[in-house]
Each structure stands twice: as structure tokens, then as C-alpha cells.
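K.L.:
How does the following fold in three dimensions:
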Amino acid sequence: MATNEPSVSIGGNVERSTFAIGSHAHAESHHGTSAPRDEAAEELLKAVRELRADLTRVRQSEEAAQLDTALAETEDEISRTGRAGEGRLQRLRDVLGDAQTVLTLFASAGAVAGLLGM
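P.N.:
Got it, this is the predicted structure:
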């Protein structure tokens, strides 16, 4: 007895995949979504991204490179965990202090510094 029903075949690695099978099936995936952020973390993330964009406009120096690295690490931590830990914030404060000659050009630096309580 033959049927005309469709068949489903899944091959390969399906780890972290989402499937919905059937005429009324619904699948929702939350894999790879970022952690929820509070308003302060969201504001700091925005300011960090703006300052990183501004840094691309200056001649590269050791201070600018260190600041960009600290900003990138802060951005990554907030994106992954929803917040920046106190150690990360202190590192960013220290690097901002060291890079003052570069930062006097940017209003975005003032925004980040203000959000860090400097």
C-alpha cells in the first residue's frame, strides 16, 4: 500500500537548530540571541560603539589602539552577558585616562566617560 504523504529527511548535524514540521507547525529560535540589557548597559553600549567609530578617524597610536581594544572587549561583554563587569569598566576608565590627548577631539569620549562616572 503506497501513500502520497510527504516525507521528511534530516541529514547532517542538527545541533542548535529549530524545526517545524506540518501544515500548522510553528518554530521559534532563540539561539545566538544576545543577553537582555538594562537601560544603563544599553546606553553605555551605544556610547562605546560611537567612540569606536570616531577612533577610526584619527591617526593610529598606541593609546588609540589600546582604547579600541578596551572598547571592543566592553562591547563584546555587554553583547554577550547584558552588562559590563566592574573589572571591565575599571579597565576602560584606566585606558580612557591614558588616551586623553586623543580623546579631547571627540564628544563621544565625553559620553563614555560620563557614563563611567569620570
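
K.L.:
If you count neighbours, what's buried in the helix or strand hosting residue 40?
P.N.:
Per DSSP states H and E, residue 40 falls inside helix 39-55. Across helix 39-55, burial judged by 16 or more other C-beta atoms under 10 Å covers 41, 44-45, 47-52, 54-55. C-beta: built from backbone N, CA, C; applies to glycine.

K.L.:
Name the helix or strand of this structure that has the lowest mean pLDDT.
P.N.:
Ranked by mean pLDDT, DSSP states H and E, the weakest helix or strand in the chain is helix 100-103, scoring a mean of 76.

K.L.:
coming back round to it: and the angle from the helix or strand just after the helix holding residue 40 to helix 39-55?
P.N.:
Once the chain leaves helix 39-55, the next helix or strand it forms, by DSSP H and E, is helix 62-81. Here the directions of helix 62-81 and helix 39-55 differ by 140 degrees (axes from the mean of the first three to the mean of the last three C-alpha atoms, to 10 degrees).

K.L.:
Check which residues of helix 62-81 are buried.
P.N.:
Using 16+ other C-beta under 10 Å as the test for burial, helix 62-81 gives 63-64, 67-68, 70-71, 73-75, 77-78.

K.L.:
between those, which is nearest residue 87?
P.N.:
residue 77 (9.8 Å; C-beta to C-beta).

K.L.:
For the least confident helix or strand of the chain, name the packing helices and strands.
P.N.:
Packed against helix 100-103 by the contact rule (3 or more C-beta pairs under 8 Å, 6 or more residues apart in numbering; DSSP states H and E) you find helix 62-81.

K.L.:
Next one, pLDDT for the residue most central in space within the chain please.
P.N.:
For the chain, residue 79 is the residue whose C-alpha lies nearest the centre (C-alpha atoms, centre = their mean; 3.2 Å). pLDDT recorded at residue 79 is 92.

K.L.:
Does it touch residue 45 like I think?
P.N.:
Yes. When contacts are counted by C-beta atoms under 8 Å, residue 79 is listed as touching residue 45 (7.3 Å).
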